[in-house]
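Chemist: Have a look at this prediction, sequence included:
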Amino acid sequence: MYRQTHSALLLGVLNFSQFIPILLLAPWAGGASDRWNRRSLLLVTQSIAVVLSGGLGLLAHLDLAPTAVVIADAVALGVVSAFSAPAQQAMITQLVEEDEVPTAVALNSMTFNIARAVGPVTAAAVIGTLGIAAAFAVNAVSYLVFVGALLLVRPRRQERPVSSRLRDSLHLLRREPRLLVALGIVMTVGFASDPINTLAPAFADAFGKPDTFAGVIIGVFGAGAVTAAFVLAGLAPDRNRMIATLLLLVGGVCAFSVLPWLALALPFLFVAGFGYLASNAGATSFLQLGVHETERGRIMALWSIAFLGLRPFASLLDGAIASAFGVRAAGVVLSLPALVAALLLTRLAPRPGAD
């Protein structure tokens with residue numbers, strides 16, 4: 001998209017297209033995750049993702065992938081993500097004992113962020129040597145790896161709810177307001193990290209690097225996240241630690257955004273990645289442990305809305321800010337909600353896990 005248009009705004013439009021289906025469909029997808037077999041649901045969705053990613057690679061190879069086609073493919077992948085994200089997150093608790101859930105959530109986040117660290121760098125290398133179409137083909141293979149893993153695991157028997165209506169998701173929040181606090185943290189973390197994901201090519205350009213350097217930028221952020229997973233694995237959610245990691249995220253993103261020297265900015269980006277994963281994993285663990293097994297699909301659907309479904313608006317916002325005031329301003333502005341969340345936690349939120 002950026003190579004065809006050189007438009008930061010269209011990068012935001014692209015991310016909006018990818019994530020808006022999650023916002024619109026996640027409540028129903030969460031009910032599906034509680035009522036249907038999660039492993040089977042994931043096998044179907046990931047197989048569709050193979051076709052979508054591989055098909056886009058073929059179209060790009062044939063020079064039949066203009067902006068409209070790329071956006072349409074992003075929308076389709078967004079629909080897949082809307083149904084797969086709640087099932088994937090909820091199935092974690094079927095693979096481990098309850099006291100191991102925080103560790104499992106951190107390790108799950110670690111594998112995601114290993115992909116974030118390695119994937120973009122690999123993509124940059126593949127694009128630089130074999131072209132964009134080949135990168136889409138490699139991405140399709142990555143979905144096949146997930147399908148293979150799903151065929152190997154044997155989760156515990158899934159408890160099914162009597163009802164999984166849309167309104168039940170909202171009743172969860174009314175019954176337990178602390179869940180809403182955790183969802184707010186997840187949302188602000190998603191907003192703060194969005195400029196790194198959405199505007200990485202524009203950041204590369206701001207530092208005088210080619211657009212393929214975007215893979216390095218996302219990779220450094222992901223490396224910080226992976227480090228956090230190792231450091232914090234096994235630790236129960238804690239309010240004071242959450243405040244500290246939110247401040248690391250905000251400070252790291254702001255410093256990376258405003259510093260003109262790449263060698264100094266990248267270490268702050270690493271710190272931002274650390275704060276991102278630590279904050280998100282802590283809030284996600286609290287959500288997983290705060291509901292019954294039969295409700296986890298729905299609460300993780302709300303997690304999908306907070307972390308992924310609202311990202312379209314973050315993507316449009318940081319794309320618009322970058323177009324009007326520069327990409328560095330976008331990074332600073334989008335990180336500020338996480339700062340507000342940290343300040344509110346010091347005054348309003350009960351300690352996660354406390355009675």
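Modeler: Done, it's in.
Chemist: Just the pLDDT for Pro161.
Modeler: Pro161 is assigned 56 on the pLDDT scale.
Chemist: Check Asp73 too.
Modeler: pLDDT recorded at Asp73 is 93.
Chemist: hang on, it packs against Ala49?
Modeler: No: using Cβ atoms under 8 Å, Asp73 is not in contact with Ala49; the gap is 10.6 Å. Any C-beta I mention is one placed from the backbone N, CA and C, and that applies to glycine too.
Chemist: Can you name the next helix or strand after the least confident helix or strand in the chain by mean pLDDT?
Modeler: The helix or strand of the chain with the poorest confidence is helix 166-175; it has a mean of 68 (mean pLDDT, DSSP states H and E). Remark: after helix 166-175, the chain's next helix or strand is helix 177-198, criterion DSSP states H and E.
Chemist: counting contacts, what elements does that following helix pack onto?
Modeler: Judged by 3 or more Cβ pairs under 8 Å, 6 or more residues apart in numbering; DSSP states H and E, helix 177-198 is in contact with helix 8-35, helix 166-175, helix 214-232, helix 239-258, helix 262-289, helix 296-304, helix 311-325, helix 327-345.
Chemist: do that again at 6 Å, thanks
Modeler: helix 8-35, helix 262-289, helix 311-325, helix 327-345 (3 or more Cβ pairs under 6 Å, 6 or more residues apart in numbering; DSSP states H and E).
Chemist: who touches the third one?
Modeler: If I follow you right, that is helix 311-325. Helix 311-325 is contacted from outside by 8-9, 11-12, 15-16, 19-20, 190-191, 194-195, 198-199, 202, 329-330, 333-334, using Cβ atoms under 6 Å, 6 or more residues apart in numbering.
Chemist: Tell me what angle that helix forms with helix 177-198.
Modeler: 50 degrees (axes from the mean of the first three to the mean of the last three Cα atoms, to 10 degrees).
Chemist: Make TSV from the helices and strands packed on helix 177-198 and add mean neighbour count, mean pLDDT and distance to Gly78 to it.
Modeler: Below are the helices and strands packed on helix 177-198 laid out as TSV (neighbours: other Cβ atoms under 10 Å; pLDDT from 0 to 100; distance: least, Cβ to Cβ, whole Å):
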stretch	mean neighbour count	mean pLDDT	distance to Gly78
helix 8-35	23	78	4
helix 262-289	24	89	20
helix 311-325	21	82	9
helix 327-345	21	90	20
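Chemist: quick one, which of those is nearest to Thr122?
Modeler: helix 262-289 (17.4 Å; Cβ to Cβ).
Chemist: follow-up on the earlier one: pipe the helices and strands packed on helix 177-198 into TSV and attach distance to Ala137 per row.
Modeler: Output for the helices and strands packed on helix 177-198, formatted as TSV (distance: least, Cβ to Cβ, whole Å):
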stretch	distance to Ala137
helix 8-35	19
helix 262-289	28
helix 311-325	25
helix 327-345	30
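Chemist: and of those, who's closest to Val44?
Modeler: helix 8-35 (10.8 Å).
Chemist: residues in contact with His61?
Modeler: By Cβ under 6 Å, 6+ apart, the residues touching His61 are Ala133.
Chemist: Give me the distance between it and Asp73.
Modeler: His61 sits 14 Å away from Asp73, going by Cβ to Cβ, to the nearest Å.
Chemist: Also His171?
Modeler: 36 Å.
Chemist: Give me the more crowded residue out of the two.
Modeler: Asp73 (21 against 12; other Cβ atoms under 10 Å).
Chemist: out of everything not next to it in sequence, what's closest to that one?
Modeler: With sequence-adjacent residues excluded and distances taken as Cβ to Cβ, 6 or more residues apart in numbering, Asp73 is closest to Leu56, at 4.7 Å.
Chemist: What is the neighbour count of that neighbour?
Modeler: Leu56: 25 neighbours (other Cβ under 10 Å).
Chemist: quick one on the thing from earlier: closest to Ala115 out of the helices and strands packed on helix 177-198?
Modeler: Closest among the helices and strands packed on helix 177-198, using Cβ to Cβ: helix 262-289, at 12.6 Å.
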